[in-house]
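J.: Turn this into a model:
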Amino acid sequence: MPVVKEISNAAGYGAVVLAIWYAYSMASNFYHFYHPETCKFGDDPSLCVLPLVESDQRYILDVHLTKELPIKGKLGKPILSLGSDSDDGNRKGFMLGTDSFATEVQVPVKKFRLHKNRTTLFAVAIASIIGGPAGGERLWTAAPLTHYGYTESEKGNLFDPDRASSGADHKKENGAARPVLHWNRNITIHLVNDATVYPKHGIPGDVRPFYTLTDDGRYLPALYAEQLSILHKNSLPLDKLNPKVNKSLNLNITVSPISLGKWRAFAQLERTVEGTKKQWGFGDQEIDQIKQLFCFTNHILLGATIMVSFLHTLFSFLAMKNDIMYWRKRESTLGVSASQVLLFLHG
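T.: Reported below is the predicted structural model:
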């Protein structure tokens, strides 16, 4: 029995140590996700990768529309040109690293044949750097403005007989329900604010593909088109679009800076959501719920919920361990009432 007791105590202490180590590892990974390792090689610049632009660097941002990617031929006139006009020539440009901007533009329906229900459309953002050591360099990103999905009427609703019957009638008339083209209504463009001095071979793997390295060991920032806040339920179905009535569609364009950690988190979540959709066959409604959880929920509240859930699991495990040790130590049931046994079994 003493040997068994020692083994049980060792197992209990080992579980606690393992839980503490796991919590520390998670906290350390979380910290380095937002604060990656910096270069620690002193004054030797050849062993470090430095940023080429400052946060107050000025840009000219042009947003173009194209029907296909990769781009073939020349892009047309931009639907938005930010920073190209100014009263003072020395102040020309827009500081993407510090300032925010939001506007609404009109996209013609007939020009891009959006009423045909089979035209994909992309927004291409090109940021041209003005002045400084990176003058003349360009950053670019692209994002889809249309996607295929099912309309709400085609899904039906078990709790609404009218909608359920309309969905059934739709399928009856047209056979199996087919996805239709939807207009995303908005696009959000971010310039990643990253002033980290990386080790020469220490740029994180999820960051490296988006950075352009120069010959002198410096890197240009990334331009990022965020997709996490685009919800299918807010998009506009284009299957019944009438070009005579709806001559143009509204497109909300938001431009703002984003921190390195938030960008990495958003990009990781986008890849996870896309993988979940492809691997597990999640529908548009389920994907919207996942996006809302991470994008429209307070991150502090979300982190606190995860921590409380982890602590609840840990304490439940420790309580179960104590119950097992209590009954293992007892050599008889003398002094134990039947109600106590029933309460233990029920718990």
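J.: and T188, which of the three is it?
T.: strand (DSSP: H, G, I helix; E, B strand; the rest coil).
J.: What distance do you get for it to A304?
T.: 26 Å (CB to CB, to the nearest Å). C-beta here means a position set from N, CA and C on the backbone, and glycine is covered the same way.
J.: buried residues in stretch 19-27?
T.: A19 (16 or more other CB atoms under 10 Å).
J.: Mind listing residues that contact stretch 253-271?
T.: 33-36, 55, 61, 63, 80, 82, 94, 96-105, 186-194, 196, 204, 206-207, 222, 224, 226-228, 294-295 (CB atoms under 8 Å, 6 or more residues apart in numbering).
J.: Filter those down to the ones in helices?
T.: Among the contacts of stretch 253-271, the residues falling in helices (DSSP state H) are F33, Y34, F294, C295.
J.: Separate out the buried members of those.
T.: F294, C295.
J.: and the ones in helices among the contacts of stretch 253-271 as CSV, adding distance to D216?
T.: What follows is the ones in helices among the contacts of stretch 253-271, written out as CSV (distance: CB to CB, whole Å):
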residue, distance to D216
F33, 28
Y34, 28
F294, 38
C295, 38
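J.: ok, V192 - contacts?
T.: By CB under 8 Å, 6+ apart, the neighbours of V192 are F210, P221, A222, L223, Y224, P257, I258, S259, L260, W263.
J.: what about the third one, how many neighbours?
T.: This means A222. 20 (other CB atoms under 10 Å).
J.: Kindly confirm whether my reading is correct that it touches R208.
T.: No. Here A222 lies out of contact with R208, judged by CB atoms under 8 Å, at a distance of 10.3 Å.
J.: Most neighbours among the contacts of V192, which one?
T.: Most surrounded of the contacts of V192: other CB under 10 Å gives P221, at 28 neighbours.
J.: Endpoints of stretch 83-100, how far apart?
T.: End-to-end distance of stretch 83-100: 12 Å, with CA to CA, to the nearest Å as the criterion.
J.: how about F310, secondary structure?
T.: Once three-state DSSP is applied, F310 turns out helix.
J.: Ignoring the adjacent residues along the chain, who's closest to it?
T.: A23 (7.2 Å; CB to CB, 6 or more residues apart in numbering).
J.: Just the ones of the contacts of stretch 253-271 in strands?
T.: 61, 63, 80, 82, 101-105, 186-193, 224, 226 (DSSP state E).
J.: before we move on, could you check phi and psi at T254?
T.: With angles defined as degrees, to the nearest 10, T254 sits at phi -120, psi 130.
J.: try the one 5 residues further on
T.: According to degrees, to the nearest 10, the main-chain angles of S259 amount to phi -80, psi 160.
J.: and the gap between it and H32?
T.: 15 Å.
J.: check which helix or strand covers the residue minimising distance to the centre of the chain.
T.: The residue lying closest to the centre of the chain (CA atoms, centre = their mean) is F266, at 2.8 Å. Following DSSP states H and E, one finds F266 within helix 260-280.
J.: Now do the buried residues in that helix.
T.: So helix 260-280, judged by 16+ other CB under 10 Å, has buried residues L260, G261, K262, W263, R264, A265, F266, A267, L269, V273.
J.: Quick one: the residues you listed as JSON lines, columns for pLDDT and distance to P70 too.
T.: Formatted as JSON lines, these follow (pLDDT from 0 to 100; distance: CB to CB, whole Å):
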{"residue": "L260", "pLDDT": "93", "distance to P70": "27"}
{"residue": "G261", "pLDDT": "91", "distance to P70": "30"}
{"residue": "K262", "pLDDT": "90", "distance to P70": "28"}
{"residue": "W263", "pLDDT": "94", "distance to P70": "23"}
{"residue": "R264", "pLDDT": "93", "distance to P70": "25"}
{"residue": "A265", "pLDDT": "89", "distance to P70": "28"}
{"residue": "F266", "pLDDT": "91", "distance to P70": "24"}
{"residue": "A267", "pLDDT": "92", "distance to P70": "20"}
{"residue": "L269", "pLDDT": "90", "distance to P70": "25"}
{"residue": "V273", "pLDDT": "90", "distance to P70": "24"}
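J.: Poorly predicted segments of this structure, please.
T.: 1-12, 41-43, 85-91, 152-176, 333, 335-336, 340-341, 343-347 (pLDDT under 70).
J.: Helices of that one, start to end?
T.: So, for the chain - with DSSP H - the helices run 2-34, 109-112, 152-155, 161-174, 260-280, 284-295, 299-329, 338-346.
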